[in-house]
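Asker: Got a predicted model here, sequence first, then my questions.
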Amino acid sequence: MEEKVKQLASRLAEIADITNAQALLNWDQLTNMPNGGAEARGRQLATLAKISHDLSVAPELGQLIEDLLPYADTLPDTSQEAAMIRVAKKDYDRETRIPGEFVGKITEHISNTYMKWVEARAQNNFELVRPALETTLELSREASSFFPEAAHVADPLIDISDNGMTVGIIRPLFSDLRKELVPIMQAITSQAPAEDACIKQYFPEDDQIAFGEKVIRAMGYDFERGRQDRSAHPFTTRFSINDVRITTRVKSDDFLEAFFSTTHEAGHAMYEQGIDQALEGSNLASGTSAGVHESQSRLWENVVSRGKPFWECYYPQLQEIFPSQFGNVSMDTFYRAINKVQRSLIRTDADEVTYNLHVMIRFDLEIDMLEEKLEVRHLPEAWNERYRSDLGVLPASDAEGCMQDVHWYGGLIGGAFQGYTLGNILSGLFYGKALEAHPDIPEQIRQGKFDVLHGWLKDNIYAHGRKFEAPELIQRVTGSSMTTAPYLAYLKAKFGELYQI
Ligand code: ZN
């Protein structure tokens, strides 16, 4: 068996090497590559994708996994070998159960749908993209049908990014959250909006970058094993536990853009950098799910760097860097400006309170479509109705309504949105647990010290990589299943104080 475990590890390491090489070419394409390189790069990426696919579905790999499964069952729960074998089994099944021909059909359909969506959105004409979206819905249901053991049609689609999560787990959580969030949002937005002119001034770009990098270095992002570059959309990518890179986007007239994308991406990156070195090169050497990943970006971005203790430490420093912009702005005015809450139509511009409402609207609508309770032709009305009831706003057009997000038009319907809100809920849950273990964390943050929080997250979450699926990891960290209570308590405490509600 030991020989077979070695063979499996070596096959998985080969797949990881190819995948990481793809990621590096992608990173280069989005940060440094001259436009002239586009055609060759597309070809190179397609070649690597083919090689990694062939390696991932090799019958010899499948046989090796089958041979090792009984052995995995004899190992302790926490064994790295057992986790490697089980995760390999799940990845292999996912790669092999969806026929190659079907994948080809989806890929071609999605690229056509994407182009139709660009056109339909520009002309504000949903009818142009409707037939394509109907086909996407059919294909999404078909993709799910390759996993007949699933309890809900959306479960296999959710499982792709949020391993182990199901509609059965998510639906009650979201319904709890929505019930509580709508009245909080209403109470806040019935007041005069926070004044935020102070963060919309001119800020030299290099100074913004330097400040953000100083902060994330203090938080624990390791520049010896990472770097930050600029790109059109901020992202985190990794080629090894010891090479985890982030990007940011800077606007010289908006302080929020670069700073909060930097702390957000650093949260993702610290997760990847914090994985146990023993997992390097294996199939366990990455974050466990989209939701747990997002919990870390949100924790560092929102809970820490949009929090009062953080700015009690850093605001005087920010005033020194930008004396003409912030010299006469009080800490309170600044704090209110970066935590402004408002009703809005566009998810990606939403604040900490309303963001989840946007996500849950999409989640509910895609579940309704997958369950065939909502027909695609009725999507625009259903969308508008939910925006009216949940956020109290009505899109003036479908372009800023159901056609605003690329997700359904650049992928399958189902599985793309839940991770954002699961991440927010988990950020509150994990931070609450860290506070139970170390009640002085806010005081430490006030002094610019993050090592106790970072160390706790590393030991309890980051180190495990993909060893445990999200529900099991949550159980291990919190001793119970997932609940919205700590996240809601966090939101109520913070925004209750800000808005006196
Ligand atoms: Zn993120």
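Answerer: That came through fine.
Asker: Excluding chain neighbours, what is closest to residue 75?
Answerer: Once flanking residues are discounted, residue 75 sits nearest to residue 82: 3.9 Å by Cβ to Cβ, 6 or more residues apart in numbering. The way it works is simple: take the backbone N, C-alpha and C, and place the C-beta from them, glycine included.
Asker: Contacts only, for the one you found.
Answerer: Residue 82 makes contact with 72, 73, 75, 76, according to Cβ atoms under 8 Å, 6 or more residues apart in numbering.
Asker: Where do the helices of the stretch 51-200 of the chain begin and end?
Answerer: 59-74, 80-97, 100-122, 130-145, 155-161, 167-189 (DSSP state H, counting those that start in this stretch).
Asker: highest average neighbour count across the ones you listed?
Answerer: Mean neighbours per residue, mean count of other Cβ atoms under 10 Å, is largest over the helices of the stretch 51-200 of the chain for helix 155-161, with a mean of 22.
Asker: what's that helix packed up against?
Answerer: helix 130-145, helix 167-189 (3 or more Cβ pairs under 8 Å, 6 or more residues apart in numbering; DSSP states H and E).
Asker: want to try CSV for the ones you listed, with mean pLDDT and distance to residue 373 as columns?
Answerer: Output for the helices and strands packed on helix 155-161, formatted as CSV (pLDDT from 0 to 100; distance: least, Cβ to Cβ, whole Å):
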stretch, mean pLDDT, distance to residue 373
helix 130-145, 98, 12
helix 167-189, 95, 13
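Asker: Buried by neighbour count: which residues of the longest helix belonging to the chain qualify?
Answerer: Identified as the longest helix of the chain according to DSSP state H is helix 2-31. Buried positions in helix 2-31, judged by neighbour count with 16 or more other Cβ atoms under 10 Å: 5, 8-9, 11-12, 15-16, 18-27, 29-31.
Asker: Equivalent analysis for stretch 357-374, please.
Answerer: Those would be 357-367, 369-370, 374, for stretch 357-374 by 16+ other Cβ under 10 Å.
Asker: what's the following helix or strand after whichever strand or helix holds residue 332?
Answerer: Residue 332 belongs to helix 331-338 when assigned by DSSP states H and E. For helix 331-338, the following helix or strand on the C-terminal side (DSSP H and E) is helix 355-370.
Asker: then that next one to CSV, C-alphas only?
Answerer: The C-alpha coordinates for helix 355-370 follow below in CSV (Å, rounded to 0.1, in the frame of the first residue of the first chain):
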residue,chain,number,x,y,z
TYR,A,355,-24.3,42.9,0.0
ASN,A,356,-25.9,39.7,1.3
LEU,A,357,-29.3,40.7,0.2
HIS,A,358,-28.1,41.0,-3.4
VAL,A,359,-26.5,37.6,-3.2
MET,A,360,-29.5,35.9,-1.6
ILE,A,361,-31.8,37.3,-4.4
ARG,A,362,-29.6,35.6,-7.0
PHE,A,363,-29.4,32.4,-5.0
ASP,A,364,-33.1,32.1,-4.5
LEU,A,365,-33.9,32.9,-8.2
GLU,A,366,-31.4,30.4,-9.5
ILE,A,367,-32.8,27.7,-7.2
ASP,A,368,-36.3,28.5,-8.4
MET,A,369,-35.1,28.2,-12.0
LEU,A,370,-33.4,24.9,-11.4
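Asker: Which neighbouring elements make contact with it?
Answerer: Using 3+ Cβ pairs under 8 Å, 6+ apart, helix 355-370 sits against helix 130-145, helix 167-189, helix 379-386, helix 418-437.
Asker: Now do the longest helix of the chain against helix 80-97, angle only.
Answerer: Angle of helix 2-31 versus helix 80-97, following axes from the mean of the first three to the mean of the last three Cα atoms, to 10 degrees, is 60 degrees.
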